[in-house]
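Peer 1: Below are the sequence and a predicted model for it; my questions follow.
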Amino acid sequence: SGDEGTYINGYEYYSDDAIVQVPTVKGGVGHEIIVPIQVNNIDHLMATDFRVTYDANMLALTAITVGNITHNFSMVYNEVTPGDIYISMATATSIVGGGDLVYLYFTILEGDETLSDITLQDVSMNNGSITTQVTNGLVEKTEVYQLDGHVTYFANGSIVTGIDFTLEGSLTHYFSTDENGRYVINELIPDDYTLMGSKTDDYDYISAYDAALILRAAVMLDAISDTKKIAADVNNDGSVNSMDASLVLQYVAGLRTLPFDGSGQIWRLIELPQDLTGLSSNMNDNDLTAVLIGDISGNYGEITQTAIDTDGVIKVGEVQLLEGNLIVPIDVKYTDFDLLSIETTISYPTTLELLSVTFNDDVSSCFNVVNTNNLGEVRIALACTKAISNSDNFVTLEFKVLDNQNKHAITLTNTLLNEYSNIVETFSIYNPSFTFDVNADGVIDALDLNVILAHYNETYNYSDISDYDFNNDGIIDLLDIVEASKNQEE
């Protein structure tokens, strides 16, 4: 059937003797069932022999395996005739306590028979030195049912794959949603069940923009639905407030991992746990709704737009050397949308030592988290309740120059404006010795222009430094040609 079973409350204590028993197991026609032979009160068991009989008109034996406490045992068995099995087991290392001695696998056959005794005979442990009390079991043929449904995302109806379900009853079943967001479990016997589910991946959709929306909800700028409150209340304290926004920003900046403190789960299925007491028929289309805790914007499953679609970009501004320190402003430009959040990673070389990170007055009322724990990297997450203005230096980094080389590359990666990705991985190179006399003949003339033209449209990695890229934007283009021409005329 594709599921696994765990028997609940399978042991009872009767005396100081070893207990050997078989539970009652139910299943439908064609259903493969697992019948455990269970033991308890075992004291240094090294060998056992026993016989098992059953109704071969109702059951077909398909396999026998060692149990969960007998992995180190060798086992031989012989089905003398259908319905009559002899089993012998031994090990060099004794076991104590209790568990499943062996598993008998049967297929339930068609026919008029509805019950089959599972009878243990001639049970011997350690050649009779361990006394036993034996309780026989039963297999009951019954109707079986199916439970199925789809899992979709609360905000946009996207399918959610990889939900892991647990269905607890007399047996515990495990199953997951497939690539279409569908789950199905067959061959369920009539029983009382509880359905639970979890998911621990696909959480990259949480962003600083979510923190901004949480802040707006906290100060009543935006009304949010009950379902969005589940996403926004990341610490699960019953309210949506600045603490939730702070936790999200800390996660985005890499200062904490998921799940959020107080939540205990990365994803939540709204309808679960679900009580399925007295299941006695098929339960189809039991559809469920999933929420990624923290994703109040609800963009799970959507393709992230690029900032060029909304005419927005974040970039390194004009780098300056001031009193021996390098001053690096980060600029943001955008139109056509309200910018509520920024997140970016700023990388710098080992030739620089970070001294400070300063936000300008335009974003002074915003929540911000800065992570400088990793050498050569600054991660920034910024969330605001009101739109951020275009700024030539929304944040400024100051560096101490550690050596006398003139060129230092600063890079921006993993940038989001709201939840729009930046158009490129932008970078800037501070190069005070830059000269348009690229052929070093002492004259800026047409020969220098020809050299630059020969490199037209070349791009290069930020770790390299080009002598032909005047504006340090990573490509030798028309802007560089124009500047070279201006200097030639001068």
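Peer 2: Cool, the structure landed. Numbering: from 1, shown residues only.
Peer 1: Where do the strands of the stretch 101-250 of the chain begin and end?
Peer 2: Along the stretch 101-250 of the chain, the segments classed as strands by DSSP state E, counting those that start in this stretch run 115-125, 132-135, 137-141, 145-153, 164-168, 172-176, 182-188, 191-198.
Peer 1: CSV please, covering those and showing mean neighbour count and distance to residue 81.
Peer 2: In short, each C-beta sits where N, CA and C put it, glycine included. As requested, the strands of the stretch 101-250 of the chain are arranged in CSV below (neighbours: other Cβ atoms under 10 Å; distance: least, Cβ to Cβ, whole Å):
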stretch, mean neighbour count, distance to residue 81
strand 115-125, 17, 14
strand 132-135, 16, 22
strand 137-141, 20, 18
strand 145-153, 19, 34
strand 164-168, 18, 37
strand 172-176, 17, 33
strand 182-188, 19, 28
strand 191-198, 18, 33
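Peer 1: To residue 315, which of the ones you listed lies closest?
Peer 2: strand 145-153 (33.3 Å; Cβ to Cβ).
Peer 1: Show me what the mean pLDDT comes to for that closest one.
Peer 2: Averaged over strand 145-153, pLDDT sits at 97.
Peer 1: which outside residues touch that strand?
Peer 2: With contacts defined as Cβ atoms under 8 Å, 6 or more residues apart in numbering, strand 145-153 is touched by 158-160, 163, 167, 177, 180-190, 195, 197, 269, 276, 279-292, 298, 300-301.
Peer 1: out of these, which are buried?
Peer 2: Among the contacts of strand 145-153, those classed as buried by 16 or more other Cβ atoms under 10 Å are 158-160, 163, 167, 177, 181, 183, 185-190, 195, 197, 269, 276, 279, 283, 288-292, 298, 300-301.
Peer 1: Name the residue closest to the centre of the protein, please.
Peer 2: Compute the mean C-alpha point of the chain, and by Cα atoms, centre = their mean the closest residue is residue 201, 1.3 Å away.
Peer 1: wait, what's in contact with it?
Peer 2: By Cβ under 8 Å, 6+ apart, the neighbours of residue 201 are 162, 266.
Peer 1: which one of the strands of the stretch 101-250 of the chain lies closest to residue 73?
Peer 2: Closest of the strands of the stretch 101-250 of the chain to residue 73 is strand 115-125, at 12.3 Å (criterion: Cβ to Cβ).
Peer 1: Please state the offset of that closest one from the chain centre?
Peer 2: 47 Å (Cα atoms, centre = their mean, to the nearest Å).
Peer 1: Return the distance of residue 96 relative to residue 130.
Peer 2: 11 Å (Cβ to Cβ, to the nearest Å).
Peer 1: between the two, which one's more packed in?
Peer 2: The neighbour comparison of residue 96 against residue 130 (other Cβ atoms under 10 Å) goes to residue 130, with 21 against 10.
Peer 1: Wait, that one touches residue 47, no?
Peer 2: No. The pair residue 130 and residue 47 fails to qualify as a contact (Cβ atoms under 8 Å) at a distance of 9.7 Å.
Peer 1: By mean pLDDT, flag the weakest helix or strand of this structure.
Peer 2: One helix or strand of the chain scores below all others by mean pLDDT, DSSP states H and E: strand 427-430, with a mean of 62.
Peer 1: where does this structure dip in pLDDT?
Peer 2: 1-15, 303-312, 405-406, 422-444, 459-474, 479-490 (pLDDT under 70).
Peer 1: Show the residue spans covered by the helices in it.
Peer 2: Taking DSSP state H as the criterion, the chain carries its helices at 208-218, 226-232, 242-252, 446-454, 478-489.
Peer 1: Could you tell me the end-to-end distance of stretch 358-374?
Peer 2: 18 Å (Cα to Cα, to the nearest Å).
Peer 1: Quick one: residues contacting residue 188.
Peer 2: With Cβ under 8 Å, 6+ apart, residue 188 has these contacts: 144, 145, 146, 147, 167, 169, 173, 279.
Peer 1: For it, name its beta-bridge partners.
Peer 2: residue 145 (DSSP bridges).
Peer 1: Tell me how far it lies from residue 149.
Peer 2: 14 Å.
Peer 1: and what of residue 255?
Peer 2: 38 Å.
Peer 1: follow-up on the earlier one: identify, out of the helices of the chain, the most deeply packed stretch.
Peer 2: A comparison of the helices of the chain by mean neighbour count, using mean count of other Cβ atoms under 10 Å, puts helix 208-218 on top with a mean of 27.
Peer 1: Leaving out chain neighbours, which residue sits closest to residue 40?
Peer 2: The shortest distance from residue 40 to any non-neighbouring residue, by Cβ to Cβ, 6 or more residues apart in numbering, is to residue 98 (3.4 Å).
Peer 1: Count the residues that sit near the one you found.
Peer 2: When neighbours are counted by other Cβ under 10 Å, residue 98 registers 17.
Peer 1: again with residue 80
Peer 2: Neighbour number of residue 80 under other Cβ under 10 Å is 10.
Peer 1: Now do it against residue 53, distance only.
Peer 2: 10 Å.
Peer 1: And residue 402, by the same measure?
Peer 2: Distance from residue 402 to residue 53, counting by Cβ to Cβ: 83 Å.
Peer 1: what's the answer for residue 242, then?
Peer 2: 69 Å.
Peer 1: now residue 340
Peer 2: Distance from residue 340 to residue 53, by Cβ to Cβ: 73 Å.
Peer 1: Neighbour count: those two, which is higher?
Peer 2: Neighbour comparison, residue 340 and residue 53: the larger count goes to residue 340, with 23 against 17 (by other Cβ under 10 Å).
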